[in-house]
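Trainee: Below are the sequence and a predicted model for it; my questions follow.
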Amino acid sequence: MSDSRETEAFRALSVVVDPELDEPITDLDFVHSLIVSSDHDVLVQLRLPTSFCAPNFAYLMASDAKDVLTALPWTRSVTVELIDHHDSKIINAGLAADAGYRGTFLHEAEDDLEELRTIFHRKAHVAAMERCLTALLKAEPSRQMNEMGRVVLGDLPNDSVTRALLSRRRVIGLPSSPDSLVMVDHDGNDYAEIDVPLALRRARSTRISIDGNAHFCRGLLRTRYDDPDRTTVDAL
C-alpha cells in the first residue's frame with residue numbers, strides 16, 4: 001500500500017475534533033497508529049491523555065473517526081480502536097457493531113451525544129469570537145472594549161484566527177457575510193453596548209479554559225507515553 005492512502009486517511013482524521021479542547025485529534029497526537037492494507041482495510045488506534053477521560057467524549061471522537069474514514073470512497077472496511085482507556089473494551093465493541101452511543105453504553109448513556117456536541121460547538125464559537133476581538137483590540141489600541149459589539153466580520157483580518165471563527169459560525173448556523181456582527185450569541189442575537197464588556201470577559205474565561213485544558217492534556221499525553229518528540233503517527 002502506497003503512503004498516499006495513509007496520508008489521505010490521516011488528513012481525513014484531521015476534521016475530527018476533541019469536543020472539549022476544540023482541536024483536531026491529529027494535532028493533539030491522539031492518533032496512535034494508522035494502517036491501510038493492500039485491500040483498502042483501515043485500522044486506526046486512538047489514545048487519550050489518561051485512562052479515565054470522559055467515556056462520552058472518547059466515544060464521540062472514535063465514532064467520528066470511523067465515520068470520516070468510512071466516507072472515503074476507497075475504504076473497504078474501517079476499524080477504530082481506543083487503547084489504554086478504562087472503557088476501551090465497551091467502546092471498541094460498540095464501534096465494531098455500529099451500535100451507536102446508547103446501544104454501546106445502554107442504561108449508562110444518560111446524555112444525548114448530539115446535545116453534548118452542540119454545547120461544545122457553542123463554546124468553541126465563543127472562544128473563537130473572543131480571540132478575534134481581543135486580537136483586534138491589541139492591533140488597534142484606539143478601539144474601546146464597548147465598541148466591540150459593532151465590529152463586523154469584514155473588519156477582521158484575513159488570517160487563521162478569523163478563518164477559525166468563520167468555520168465555527170458555520171457549524172452552529174450563524175451567517176458569515178462581511179456585514180455580519182462578530183459579537184453575537186449562539187442564536188445570532190447581538191449585545192447592548194452596556195453588556196459588551198461583561199460578555200467579552202465571560203467569553204475570555206471560556207477561551208482560557210479551553211486553551212488551558214488543551215495545554216494540560218498535551219502534557220499528560222507526553223508524560224503518559226514518554227514520546228515528547230513524536231509528531232506523526234507511526235505509519236506515516
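Mentor: That came through, no problem.

Trainee: List of residues touching the worst-scoring helix or strand of the chain on mean pLDDT?
Mentor: Every helix and strand in the chain was compared by mean pLDDT, DSSP states H and E; the lowest is helix 100-105, with a mean of 87. When contacts are defined by CB atoms under 8 Å, 6 or more residues apart in numbering, helix 100-105 is touched by residues 55-56, 59-60, 63, 90-91, 93-95, 97, 109, 113. Yep, even glycine has a C-beta here, placed from its N, CA and C like the rest.

Trainee: buried stuff in that helix?
Mentor: Of the residues in helix 100-105, 101, 104-105 count as buried by neighbour count, 16 or more other CB atoms under 10 Å.

Trainee: cool, and stretch 61-80?
Mentor: Taking 16+ other CB under 10 Å as the criterion, stretch 61-80 shows 61-66, 68-69, 72, 75, 78, 80 as buried.

Trainee: which stretches of this protein form helices?
Mentor: 3-13, 55-70, 88-96, 100-105, 113-139, 160-171, 196-225 (DSSP state H).

Trainee: mind giving me TSV with those helices and columns for distance to residue 22?
Mentor: Putting the helices of the chain into TSV (distance: least, CB to CB, whole Å) gives the following:
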stretch	distance to residue 22
helix 3-13	16
helix 55-70	12
helix 88-96	22
helix 100-105	20
helix 113-139	4
helix 160-171	8
helix 196-225	5
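
Trainee: Just name the most buried of those.
Mentor: helix 55-70 (a mean of 20; mean count of other CB atoms under 10 Å).
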